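Q: Predicted model follows, preceded by the sequence.
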Amino acid sequence: MILDKDFKIAEIDPRIYGSFIEHLGRAVYGGIYEPDHPLADEKGFRTDVAGLVKELNVPIVRYPGGNFVSGYNWEDGVGPRDKRPRRLDLAWKTVETNQVGVNEFVDWCKLVNSEVMMAVNLGTRGVDAARNLLEYCNHPEGTYWSDLRISHGYKEPHKIRTWCLGNEMDGPWQIGHKTAEEYGRLAVETAKAMKWVDPDIELVACGSSNTAMPTFPQWEATTLEHAYDEVDYISLHQYYGNPSNDTASYLAKSLDMDNFIKTVISTCDFIKAKKRSKKTINLSFDEWNVWYHSNDADKKIAPWLIAPPQLEDVYNFEDALLVGCMLITFLKHADRVKIACLAQLVNVIAPIRTENGGMSWKQTIFYPYLHASLYGRGVALNPVISSPKYDCAEFTDVPYLESAAVYNEENEEVTLFAVNRHLKEGLYLECDIRSFEDYQVLEHIVLEHDDLKAVNTADAERVKPHHQGNAELKDGILIAILPKSSWNVIRLK
Ligand code: AHR
């Protein structure tokens, strides 16, 4: 590997370390909010969970969905709690109590030092509900909706900057699913009205729900034909799994994600060219993760419960490796991926798990996300990498070494993130760090485990990082052994 401070990709937008809380399962109720919990604060938020979220330093959290938002009446979740209606949530077949809504979520984000990324309902609703919600949140005072917010106890506007125009509108499972033409028209009209209410906001149009959608990537092209001038980002969603227990293919799935990103960039730029536009549309990868462990359990959950344990994937060690590879993929595309949300944050396909009334703990995937969020800030560098490769059932020419580097000019620190995909052998890393003269190895953090299927539970943290990596510098060359199937963070200063 060769690493040089002149090989710059772009300044990293910290929002690539965002996450997501949906009204789904126990993400909100029993997750971030549980007024009866012994560790709840005066607003009902679990302080143990808030502490773990703060540790992750999550810059932005998408809310309130997901599929949920496409049937959501935001007005149900504001005002006196005892007057809030219970409603059927058709997306997840549950009953929503509305005890948490927009204002409580803004309060929670303040508690954990995050920004809100708000989604509007373009499934059952449209321009009117979206512009009203924005006026409620962001308009200072003196109008019906802003004064209603003030009457609910929120004098200052919430100043929510980033807004999603619906969720996965290309998917037949979505309440109010639309064709690309229908969505493109609705998105542009909603965007126009919202920017008239508040010109400072940024808008994310829905892209495809995953690469397997039959309408991908024509969906992106059609949507942007309509909405290019009014929106700022297009969304990408993707989840992976290893149901056939083929770990070599599973760990290579970040190559599919890389290809997805490249295709969406090309599609955005094709429309840019068609429109002779000077504006560039960036990418918001606002749902990504591993999701498959809980699929069978979810089929057995009875309908119309309040906050049942849905999508509670128990993550193993190999999942943490793939999550690491996906984070590295975002860094490689720091010039165009400006927002990314790990879906989700608490209980629902999440790095943080809780028991109702009990403990909270860190799943395996907590760690690569933590390291990237803490040390992956600054300028993404493009290291020149030459790695041995392998073929597997689903991919050819998969590099054993997946790596990205970040230069934090302010702290004069360089961090190398590296996954060794080899399941049996360590990789010998030799990296010429020529422009970083006089730098020393601060630490070499390693996440490794003999059992790829090892998991963390409430009472046993089997998968956690250690700091005994052997990276060292010899005559300006960084040398390290990256253990078989491992996530590595090598920090230099
Ligand atoms: O994150 C879980 C679900 O996955 C979201 O509600 C939806 O947008 C996606 O299909």
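A: Thanks, I have it. This is a predicted model, so every value here is computed, not measured.
Q: and the nearest residue to Tyr240 once chain neighbours are set aside, what is it in contact with?
A: Nearest residue to Tyr240 in three dimensions, chain neighbours excluded: Lys253, at 4.4 Å (C-beta to C-beta, 6 or more residues apart in numbering). C-betas here are computed from N, CA, C, even on glycine. Each residue near Lys253 by C-beta atoms under 8 Å, 6 or more residues apart in numbering is listed here: Tyr240, Leu322, Cys325, Glu394.
Q: try Lys195
A: Ile201, Leu203, Glu230 are the contacts of Lys195 under C-beta under 8 Å, 6+ apart.
Q: can you tell me the helix or strand for it?
A: helix 180-197 (DSSP states H and E).
Q: who touches the next helix or strand after that helix?
A: Under the assignment DSSP H and E, the closest C-terminal helix or strand after helix 180-197 is strand 202-205. Under the criterion C-beta under 8 Å, 6+ apart, residues 117, 161-165, 187, 191, 194-195, 223-224, 227, 230-235, 284, 286, 339 lie in contact with strand 202-205.
Q: Dihedrals phi and psi, the residue nearest to Tyr240?
A: Backbone torsions for Lys253, taken as degrees, to the nearest 10, come to phi -70, psi -20.
Q: Pull out the buried residues from the contacts of strand 202-205.
A: 117, 162-165, 187, 191, 194-195, 223-224, 227, 230-235, 284, 286, 339 (16 or more other C-beta atoms under 10 Å).
Q: Taking the centroid of the protein, which residue is nearest it?
A: Centroid-nearest residue in the chain: Cys341, 1.4 Å away (criterion: C-alpha atoms, centre = their mean).
Q: Quick check: that residue touching Met117?
A: Yes: the pair Cys341 and Met117 passes the contact test of C-beta atoms under 8 Å, sitting 7.1 Å apart.
Q: Between those two, which contacts overlap?
A: Gly18, Ile60, Val61, Arg62, Asp286.
Q: coming back round to it: most neighbours among the contacts of Lys253, please name it.
A: Leu322 (28 neighbours; other C-beta atoms under 10 Å).
Q: Tell me which helix or strand that residue sits in.
A: With DSSP H and E as the test, Leu322 turns up in helix 317-332.
Q: tell me what the helix or strand following that helix is packed against?
A: The C-terminal neighbour of helix 317-332 among helices and strands, as given by DSSP H and E, is strand 337-343. Under the contact definition 3 or more C-beta pairs under 8 Å, 6 or more residues apart in numbering; DSSP states H and E, strand 337-343 sits against strand 18-20, strand 60-63, strand 233-240, strand 282-290, helix 317-332.
Q: How about strand 337-343 and the ligand, any contact?
A: Yes: using C-beta under 6 Å from any ligand atom, strand 337-343 reaches the ligand at Ala343.
Q: Strand partners (parallel or antiparallel) of that strand?
A: Paired neighbours of strand 337-343 in the sheet (DSSP bridges): strand 18-20 (parallel), strand 282-290 (parallel).
Q: Assess the claim that Leu148 and Tyr136 are in contact.
A: Yes: Leu148 lies in contact with Tyr136 (C-beta under 8 Å); the separation is 6.3 Å.
Q: Relative to the ligand, which residue of the stretch 351-493 of the chain is the closest?
A: Pro351 (13.5 Å; C-beta to the nearest ligand atom).
Q: picking up where we left off before, quick one: the helix holding Leu322 to strand 282-290, angle?
A: Inter-element angle recorded for helix 317-332 and strand 282-290: 170 degrees (by axes from the mean of the first three to the mean of the last three C-alpha atoms, to 10 degrees).
Q: Thr415 against Ala405, yeah?
A: Yes: contact between Thr415 and Ala405 holds when scored by C-beta under 8 Å: they sit 6.8 Å apart.
Q: For this structure, name the helix or strand with the lowest mean pLDDT.
A: Least confident helix or strand, the chain: strand 472-474 with a mean of 95, by mean pLDDT, DSSP states H and E.
Q: so what strands line up beside that strand?
A: Counting by DSSP bridges, strand 472-474 is paired with strand 477-482 (antiparallel).
Q: now the helix or strand just after the strand it pairs with and helix 317-332, what's the angle there?
A: As assigned by DSSP H and E, the chain's next helix or strand after strand 477-482 is strand 486-492. Following the same axes, to 10 degrees, one obtains 40 degrees for the angle between strand 486-492 and helix 317-332.
Q: hmm, who's touching strand 486-492?
A: 320-321, 324, 367-368, 371, 375, 413-420, 433, 436, 439-448, 465, 469, 471, 473, 478, 480, 482.
Q: now do 6 Å
A: Residues outside strand 486-492 that contact it (C-beta atoms under 6 Å, 6 or more residues apart in numbering) are 321, 324, 368, 371, 414-420, 439, 441-448, 471, 482.
Q: list the contacts for Ala248?
A: Contacts of Ala248 (C-beta under 6 Å, 6+ apart): Cys392.
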